[in-house]
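Quick one, fold the following:
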Amino acid sequence: MTQVTDDAETLDVEPDDGGAATRRANWLRAGVLGANDGIVSVAAIVVGVAGATANSGPILVAGLAALIGGAVSMALGEYVSVSSQRDSQRAARGRLPHEEANPWSAAIASAVSFLSGGILPLLAITLLSAVVRIPATVVVVILALALTGAIGARLGGAHPLRPTLRTVIGGGLALLLTFLIGHLLGATGVA
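The predicted structure is shown next:
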């Protein structure tokens, strides 16, 4: 069994021929990270703007910019990161032969998962009335984060409680902080 480690998780991956374990670990990492980042990033921005104004226009514009900009940023980041990993693998080929990482699959997985995760808070905050938009968006985000934490843990072979709590608490803190900043800026007339 091989352990694949990044900043977020350690995955136990069964070795196999053809490098499927490496491809699965790279796709899983990019997908889970992209979905989690999409949910938190877009939600934090739209909740922050909603804290400053009840006007739907600025909330929608900020959310769309966060959704598209974030997806492109995640894809580029994954492409650059995995390309560097692949370059290192190629340089070490004679010493440590193994399956090369694929930067395009990581970039696509990250962008698609960011868009998939980020669309949830954007729809929740723009489709609901001003009275319930922030609390409903928080509920949607917490549920989505719990789901991504549990799915990531399950796919990675870990017990789901810690990863799920980690994603929910981190995302909840991001929402709270951005809402408070937006509310303070809106109340002072800066926004």
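
pLDDT-wise, which helix or strand of this structure ranks last?
strand 2-5 (a mean of 44; mean pLDDT, DSSP states H and E).

Tell me which residues touch Gly70, please.
37-38, 41-42, 114, 118 (C-beta atoms under 8 Å, 6 or more residues apart in numbering). For every residue, glycine as well, the C-beta is placed using N, CA and C.

Let's see which of the residues you listed end up in strands.
For the contacts of Gly70, not one is inside strands, with DSSP state E as the criterion.

Need the pLDDT of Arg24.
Confidence at Arg24, expressed as pLDDT, is 69.

Enumerate every residue touching the most centrally placed residue in the chain.
When C-alpha atoms, centre = their mean is applied to the chain, the residue found nearest the centroid is Asp37 (2.1 Å). Asp37 is in contact with 70, 74, 114, 117, counting by C-beta under 8 Å, 6+ apart.

can you check Thr148 too?
32, 35-36, 39, 117, 167 are the contacts of Thr148 under C-beta under 8 Å, 6+ apart.

which one of those is nearest Ile181?
Among the contacts of Thr148, Ile39 lies closest to Ile181 (C-beta to C-beta), at 18.9 Å.

Identify the residue spatially nearest to that closest one, adjacent ones excluded.
Here the nearest residue to Ile39 in space, its sequence neighbours aside, is Gly117; by C-beta to C-beta, 6 or more residues apart in numbering that works out to 4.1 Å.

The one you found and Ser73, how far apart?
Distance, Gly117 to Ser73, by C-beta to C-beta, to the nearest Å: 14 Å.

Those two: which is more packed in?
Gly117 (30 against 16; other C-beta atoms under 10 Å).

Tell me who's in contact with the more buried one.
By C-beta under 8 Å, 6+ apart, the neighbours of Gly117 are 34-39, 42, 144, 148.

Tell me which entries of these lie within helices.
34-39, 42, 144, 148 (DSSP state H).

Please settle this for me: is Leu28 part of a strand?
No. Assigned with DSSP: H, G, I helix; E, B strand; the rest coil, Leu28 falls outside any strand and is helix.

Nearest spatial neighbour of it, chain-adjacent residues omitted?
Leaving aside its chain neighbours, Leu28 sits nearest to Leu155 (5.4 Å; criterion: C-beta to C-beta, 6+ apart).

immediately after the helix or strand where that neighbour lies, which helix or strand?
Element membership for Leu155, per DSSP states H and E: helix 133-156. Counting by DSSP H and E, the next helix or strand C-terminal to helix 133-156 is helix 161-188.

Show me the shaky parts of this protein.
1-26, 94-98, 191 (pLDDT under 70).
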